[in-house]
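Undergrad: Below is the sequence, then the predicted model.
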Amino acid sequence: MDVAAVAQVESPLEQQFQALVDADGRVEPRDWMPDGYRKTLVRQIAQHAHSEIIGMQPEGNWITRAPSLRRKCILVAKVQDEAGHGLYLYSAAETLGVDRDELLDLLHTGRQKYSTIFNYPTTSWADVAAIGWLVDGAAIMNQVPLTRCSYGPYARAMIRVCKEESFHQRQGFEAMTVLANGTPAQRQMAQDALDRWWWPALMMFGPSDTDSPNSAQSMTWGIKRFSNDELRQRFVDATVPQAEHLGLTVPDPDLTWNGEHYVSGEIDWTEFFTVMKGDGPCNRERIANRVAAHDEGAWVREAAAAYAAKQQARSASQGVAA
Amino acid sequence: MSATSATPVTAVDADVAAYALRLGDDALVLGQRLGEWAAKSPQLEEDVALLNLALDHLGVARSLLSYVGTIDGTGRSEDDIAFLRDEPAFTNALLMELEGGDFGRTTARQLLVASYQLPLWQALASSTDPEIAGVAGKAVKEVAYHLDHARSWVVRLGDGTAESHRRVQTGLDEVWPYAAELFERDALVDRLVARGVAADPALLEPAWRATVEDVLAEATLTVPETSWRPTGGRTGAHTTGFGYLLAELQHLHRSHPGASW
Ligand SMILES: [Fe+2]
Ligand SMILES: [Fe+2]
């Protein structure tokens, strides 16, 4: 991406665009926008959409086993919401001149990523609660600033998504509360889930800004409002007291309170990059499941297209007859 | 328990309890099967739609199973009833428990079920049992959407490609024989039809057949002919696959006796 060129030589169109963004205005699909801006948004929105649909797998696999009918319904509704988020986000990406099939192909062939968090297995029921509490919680921290993103369709999609994510977060925390106050086995299940999800949740904010090459440009463009580290800090500050309220232990022996913030120990970025590059516990499984669903559904999509074409031909010939 | 509760103390009514259990088990078991589709459907719109169907059925199940616990004299909760019974105590129709198979078979079953449940809930909306009438009044709105969804897919698959036509016809042929059980009568149904509680199967079947035949004609599909009428669900005699469904449904709940979730 020739980000440097964009920043250095500004044409009148570029100046106009930057003035709009600086004034906190919204860029709409028909407006002129720098090529790099469009590409950055396509990549970010697609990655976000992919995360929504891959994210259906780790929790979806507990739908048939949920321990009460109430929890089963909450979980079905949540996974359904995530599918809906995927739909809005692919639609938002489509306003930038790409289509969903093309983006899905990039996901299926590993050329576009999704959040590393979904490459960890959900081996106990408490993982469903922990995901709602921590993963939806971290997603909200990341996404609330996006409701003010400079690109209108993305910002508007985020408003609706954030409402539902915060609902998921509250439900997750409530489910975790029940486990933490339940039988010794349930309590153990809750602690074990926190132990496994805490660090991956912190990694959801991405590498430290000094190691995050696109951050500065995204800020200039009004796509990003806060640094990865700032958002991560907000999450830690909000979540540590919640863990304490639950009587659970955050698995970070170096965690301290500096009078203003909770300061985390060192994040294992080697693990993050290993998972990001494809060698996490579930990367292969997630993509294989996604591709299988897509391939096994090909005949259905083809049928729908064939039927639509027949209907069109029928109404055209009726039009001629009349 | 609130002393000011306006809910009248419900007398034990074994017949109504048994009938509500059939309806509730139908909803629970089909909801469970539909939930298996999460993240596996042919396109994102269907992930939303199939989970929406699952949620509607599970909602009906929760209302009815809770009601059963109040009128069968046991005081069981919806979860006691869903998670702590073994196969012979389940009284769902076999059609509901059949494995979903591919999207063609799932869609064919949805058509058969929705075409039955639309007149069923319409009739039950004026049941003399107020609880059942209440559940039906809500379900009738949902099932109208279920039928639209099933109809639109059966037509698209039937009149789509040669491959989709073959698949949905195969799925239909497989599930079709199980539909007969939906319209069976026994002494319980006779007693409750006489009391105005239950829907009369003799009135439901022609409505069901008319809807299904109409959709199949538009879909260029063949109405299956069969002499086989598998039955037994209402008396607890289930298919082999049902044990696996219950194992998955109940395992976690049963592993933690007495726990709350
Ligand atoms: Fe989401
Ligand atoms: Fe969510």
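TA: Done, it's in. Numbers count the residues shown, from 1 in each chain, chains lettered A, B, ... in the order given. Ligands and ions are numbered 1, 2, ... in the order given.
Undergrad: Per-residue pLDDT of residue 120, please?
TA: I went with chain A, as the question did not name one. Reading off the confidence values, residue A:120 has pLDDT 98.
Undergrad: my question was about chain B
TA: pLDDT, residue B:120: 98.
Undergrad: ok, now how distant is it from residue B:102?
TA: 27 Å (CB to CB, to the nearest Å). Heads up, the C-betas are built off the backbone N, CA and C, glycines and all.
Undergrad: In terms of neighbours, single out the busier of those two.
TA: Legend: neighbour count by other CB atoms under 10 Å in any protein chain shown for residue B:120 and residue B:102, higher for residue B:120 (25 against 17).
Undergrad: close enough to count as contact, the more buried one and residue B:199?
TA: Yes - using CB atoms under 8 Å, residue B:120 makes contact with residue B:199 at a distance of 5.3 Å.
Undergrad: tell me the contacts of residue A:91?
TA: With contact set as CB atoms under 8 Å, 6 or more residues apart in numbering or on different chains, residue A:91 has these partners: A:153, A:157.
Undergrad: How about whichever strand or helix holds it and ligand 1, touching?
TA: Per DSSP states H and E, residue A:91 falls inside helix A:69-94. Yes - counting by CB under 5 Å from the ion, contacts between helix A:69-94 and ligand 1 involve A:82, A:85.
Undergrad: And that helix, what's buried?
TA: Buried residues in helix A:69-94, counted by 16 or more other CB atoms under 10 Å in any protein chain shown: A:69, A:71-90, A:92-94.
Undergrad: next one: stretch A:23-34
TA: Quick answer for stretch A:23-34 (16+ other CB under 10 Å): A:26-27, A:33-34.
Undergrad: end-to-end on it?
TA: One end of stretch A:23-34 to the other measures 17 Å (CA to CA, to the nearest Å).
Undergrad: contacts for it?
TA: A:6, A:13-14, A:16-17, A:20-21, A:37, A:95-96, A:148, A:150-153, A:155, A:222.
Undergrad: same question, stretch B:197-217
TA: Contacts of stretch B:197-217 (CB under 8 Å, 6+ apart): B:15-16, B:19, B:111-112, B:115-116, B:118-120, B:123-124, B:127-129, B:132, B:147, B:150-151, B:154-155, B:158, B:172, B:179, B:182-185, B:189, B:192-193, B:222-223.
Undergrad: one step back: for the buried residues of stretch A:23-34, which one is nearest ligand 2?
TA: Closest approach to ligand 2 among the buried residues of stretch A:23-34 (CB to the ion): residue A:26, at 24.8 Å.
Undergrad: quick one, phi psi at the closest one?
TA: Main-chain torsions, residue A:26, degrees, to the nearest 10: phi -110, psi 130.
Undergrad: One more: residue B:85?
TA: phi -100, psi 150.
Undergrad: and the gap between it and residue B:78?
TA: Note on residue B:85: its distance to residue B:78, by CB to CB, is 12 Å.
Undergrad: Looking at the two, which is more packed in?
TA: Higher neighbour count among residue B:85 and residue B:78: residue B:78, with 21 against 17, using other CB under 10 Å.
Undergrad: Pull the contacting residues for the more buried one.
TA: A:69, B:61-62, B:65-66, B:69.
Undergrad: out of the residues you listed, who has the most neighbours?
TA: For the contacts of residue B:78, neighbours tallied by other CB under 10 Å; top is residue B:61, 28 neighbours.
Undergrad: so who does that one touch?
TA: By CB under 8 Å, 6+ apart, the contact list for residue B:61 reads A:69, B:24-25, B:27-28, B:31, B:78, B:82.
Undergrad: try 6 Å
TA: When contacts are counted by CB atoms under 6 Å, 6 or more residues apart in numbering or on different chains, residue B:61 touches B:24, B:27-28, B:31.
Undergrad: Any idea how far the helix or strand hosting it is from the middle of the chain?
TA: If you go by DSSP H and E, residue B:61 is part of helix B:44-71. When distances are taken as CA atoms, centre = their mean, to the nearest Å, helix B:44-71 is centred 9 Å away from the chain's centroid.
Undergrad: In the next helix or strand after it, which residues are buried?
TA: Downstream of helix B:44-71, the next assigned helix or strand under DSSP H and E is helix B:78-83. Buried residues in helix B:78-83, counting neighbours by 16+ other CB under 10 Å, are found at B:78-79, B:81-83.
Undergrad: what does the stretch 51-200 of chain A put close to ligand 1?
TA: Counting by CB under 5 Å from the ion, the stretch 51-200 of chain A comes close to ligand 1 at A:52, A:82, A:85.
Undergrad: Let me know the closest of those to residue A:121.
TA: For those, the minimum distance to residue A:121 (CB to CB) is 17.6 Å, reached by residue A:82.
Undergrad: Helices along chain B, start to end?
TA: Using DSSP state H, the helices of chain B run over residues B:14-35, B:44-71, B:78-83, B:94-97, B:103-124, B:130-158, B:162-175, B:187-194, B:201-218, B:240-255.
Undergrad: Check the stretch 1-150 of chain A too.
TA: For the stretch 1-150 of chain A, helices defined by DSSP state H, counting those that start in this stretch occupy the ranges A:3-8, A:12-22, A:35-54, A:56-60, A:69-94, A:100-108, A:125-130, A:136-143.
Undergrad: filter the contacts of stretch B:197-217 down to the ones near chain A?
TA: The subset of those within reach of chain A, by CB under 6 Å from any CB of the partner chain, is empty.
Undergrad: Can you pull out the low-pLDDT segments for the chain?
TA: Went with chain A since none was named. Along chain A, the parts satisfying pLDDT under 70 run over A:1-9, A:320-322.
Undergrad: oops, I was thinking of chain B
TA: Ranges of chain B meeting pLDDT under 70: B:1-9.
Undergrad: Just want the residue of the stretch 51-200 of chain B that's nearest chain A.
TA: Using CB to the nearest CB, the closest approach of the stretch 51-200 of chain B to chain A is made by residue B:160 at 2.8 Å.
Undergrad: Just give the nearest non-adjacent residue to that residue, would you?
TA: Once flanking residues are discounted, residue B:160 sits nearest to residue A:303: 2.8 Å by CB to CB, 6 or more residues apart in numbering or on different chains.
Undergrad: and the one you found, helix, strand or coil?
TA: Under DSSP: H, G, I helix; E, B strand; the rest coil, residue A:303 falls in the helix class.
Undergrad: from what I can see it touches residue B:163, true?
TA: No - counting by CB atoms under 6 Å, residue A:303 stays clear of residue B:163, with 7.5 Å between them.
Undergrad: out of the two, which sits in the more crowded spot?
TA: Ranked by neighbour count (other CB under 10 Å), residue A:303 and residue B:163 place residue A:303 first, with 26 against 16.
Undergrad: got the contact list for the more buried one?
TA: B:156-157, B:160-161, B:164.
Undergrad: The same query, at a cut-off of 8 Å, please.
TA: B:156-157, B:160-161, B:163-164.
Undergrad: What about those residues, which one has the most neighbours?
TA: Highest neighbour count within the contacts of residue A:303, by other CB under 10 Å: residue B:157, with 30 neighbours.
Undergrad: Nearest to ligand 2 among the helices of the stretch 1-150 of chain A would be which one?
TA: helix A:136-143 (4.4 Å).
Undergrad: just checking, what packs against that closest one?
TA: helix A:152-180, helix A:184-203, helix A:228-246 (3 or more CB pairs under 8 Å, 6 or more residues apart in numbering or on different chains; DSSP states H and E).
Undergrad: Could you pull out the buried residues of it?
TA: Quick answer for helix A:136-143 (16+ other CB under 10 Å): A:136-143.
Undergrad: Kindly report the same for stretch A:103-113.
TA: Neighbour-count burial for stretch A:103-113, counted by 16+ other CB under 10 Å, picks out A:103-104, A:106-108, A:112-113.
Undergrad: and the two most separated of these?
TA: Checked with CB to CB, the buried residues of stretch A:103-113 reach their widest spread between A:104 and A:113, with 13.5 Å between them.
Undergrad: Report the contact partners of residue B:94.
TA: For residue B:94, the contact set (CB under 8 Å, 6+ apart) comprises B:178, B:181, B:230-233, B:238-239.
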